[in-house]
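Chemist: show me the folded form of this:
(chains A, B, C and D)
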There are 2 protein chains.
Amino acid sequence: MDEKSLRILSAIAKQKTGSPDRIAESTGIPKSTVHYRIQQLKEADVIENDLFDVDLEAVGLSITLFSEVRAEFEEGYHETVGDELAEIEGVNQVYFTLGDTDFVVIAHLASRQEVERLVEAFEGIPAVERTSSKFVITTVKDESDPIADYETETLVDLLGESGDT
Amino acid sequence: MDEKSLRILSAIAKQKTGSPDRIAESTGIPKSTVHYRIQQLKEADVIENDLFDVDLEAVGLSITLFSEVRAEFEEGYHETVGDELAEIEGVNQVYFTLGDTDFVVIAHLASRQEVERLVEAFEGIPAVERTSSKFVITTVKDESDPIADYETETLVDLLGESGDT
DNA sequence: ATTGAAACTTGATCGTT
DNA sequence: AACGATCAAGTTTCAAT
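Modeler: Got it, this is the predicted structure:
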């Protein structure tokens, strides 16, 4: 991972396209080189896939639910609980966190009924002790792909430590 | 938004590609029709853009930070505070939530120093009262695009209410 | 590893139903 | 609005550096 690859990644994120042509144009790097690099990045699983940004409102998933799920567990139990949470229909993200050692669950849902269904499902898991939920009123910012957030040079600085091609 | 468009959206999410060819192949809908529908969806801003999934670990952004930011404010102040939070370098998502009426901030960062910088930046905002942060240890699930999570038929059911072409 | 140019694959367009 | 055939545009490969 070197400066050139980061410039390409940054350009992809900024222009929100992976087209070799457009990336070549904006970076000044020839398109066959861009292509070559993107291949490498895919092979190294740095880039996983390309997909579309979907407007959640437009498809009816207008409710964003944050839940903190606290669970009582023995050693290793958290993986099981995490997986169980992840499998619930409608759950999009599950994080196991340090500190309070509980789960943060994020879901995008279509109706209040869906919310109720989810909370019930959470509490249906034996190990789950307590859940607390909050709804999103306004999404101030949703830049799920963070690469564009950093200036290329910042990234280069940050990555000065690990160095392999 | 009808059943056919949803089948297409679902296929896009599942196969993680927007290629008319591949969507046509998997849905049985002719590719020129798929193309036509995707155009419509783009025009209606249902599909916003295509982009790449980037492995955050691989680019050095291995720390995920959740922060709850509580702010004291008068009427309308929350937009200002939300924007200020969103502008901080490294912040990826900012939600204003109901219930405790505070902000949830999600950031992907490269180092502890970055974490400290962020927390300081949060607390540098005059209206901010209190912040509490937690780190992600394990990402159990990260399906940022939720469409694939729902079976097509579930989506069709959910969308039975609103109907425009 | 990089590149320019050639070869090919794919997405976008057009005309018909 | 849907679709099959056509065209334009794009990506991928190749050979040379």
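Chemist: contact residues of chain A facing DNA strand C?
Modeler: Contacts of chain A with DNA strand C, taken as C-beta under 7 Å from any atom of the strand, map to A:4, A:29-33, A:36-37, A:165. The C-beta positions use only the backbone N, C-alpha and C, and glycine is treated the same way.
Chemist: which one of the residues you listed is nearest residue A:113?
Modeler: The nearest member of the residues of chain A next to DNA strand C to residue A:113, counting by C-beta to C-beta, is residue A:37 at 47.6 Å.
Chemist: just checking, that closest one touches residue A:4?
Modeler: Yes: between residue A:37 and residue A:4 there is a contact under C-beta atoms under 8 Å: 6.7 Å.
Chemist: other residues contacting the helix or strand of chain A with the lowest mean pLDDT?
Modeler: Every helix and strand of chain A was ranked by mean pLDDT, DSSP states H and E. The lowest is helix A:152-158, at a mean of 77. Residues outside helix A:152-158 that contact it (C-beta atoms under 8 Å, 6 or more residues apart in numbering or on different chains) are A:3, A:6-7, A:10, A:147, A:150, B:59-60, B:89, B:110-111, B:114.
Chemist: 10 Å - rerun?
Modeler: Contact with helix A:152-158 is made by A:1-11, A:14, A:27, A:147, A:149-151, B:59-61, B:89-90, B:109-111, B:113-114, as judged by C-beta atoms under 10 Å, 6 or more residues apart in numbering or on different chains.
Chemist: check which helix or strand covers residue A:121.
Modeler: Element membership for residue A:121 (DSSP states H and E) is helix A:112-124.
Chemist: for the most centrally placed residue in chain A, grab phi and psi.
Modeler: Nearest residue to the geometric centre of chain A (C-alpha atoms, centre = their mean): residue A:144, 5.8 Å. Per-residue torsions, residue A:144: phi -60, psi -30 (degrees, to the nearest 10).
Chemist: wait, what's in contact with it?
Modeler: The neighbours of residue A:144, taking C-beta under 10 Å, 6+ apart as the test, are A:53, A:93, B:51, B:53, B:92-93, B:106, B:108, B:142, B:144-145.
Chemist: buried among those residues? Need that as a selection in PyMOL.
Modeler: The PyMOL selection below is limited to those of these classed as buried (16 or more other C-beta atoms under 10 Å in any protein chain shown):
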select buried, (chain A and resi 53+93) or (chain B and resi 51+53+92+93+106+108+142+145)
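Chemist: any idea how far the residue lying farthest from the centre of chain A is from chain B?
Modeler: Distance to the chain centre peaks in chain A at residue A:30, reaching 30.4 Å (criterion: C-alpha atoms, centre = their mean). Relative to chain B, residue A:30 is positioned 20 Å away (C-beta to the nearest C-beta, to the nearest Å).
Chemist: ramachandran angles for that residue?
Modeler: Main-chain dihedrals, residue A:30, degrees, to the nearest 10: phi -60, psi 150.
Chemist: I'd guessed it sits against residue A:8; true?
Modeler: No: under the criterion of C-beta atoms under 10 Å, residue A:30 makes no contact with residue A:8, lying 11.8 Å away.
Chemist: mutual contacts of these two, please.
Modeler: Taking C-beta under 10 Å, 6+ apart as the criterion, residue A:30 and residue A:8 both touch A:20, A:24.
Chemist: follow-up on the earlier one: which one of the contacts of residue A:144 is nearest to DNA strand D?
Modeler: When the contacts of residue A:144 are compared for distance to DNA strand D (C-beta to the nearest atom of the strand), residue B:51 wins out at 13.1 Å.
Chemist: sheet partners, orientation included, of the strand ranked longest in chain A?
Modeler: Secondary structure assigned by DSSP state E gives strand A:128-142 as the longest strand of chain A. Strand A:128-142 has its sheet partners listed here by DSSP bridges as strand A:63-71 (antiparallel), strand B:91-98 (antiparallel).
Chemist: between helix A:112-124 and that strand, find me the angle.
Modeler: If you take axes from the mean of the first three to the mean of the last three C-alpha atoms, to 10 degrees, strand A:128-142 sits at 140 degrees to helix A:112-124.
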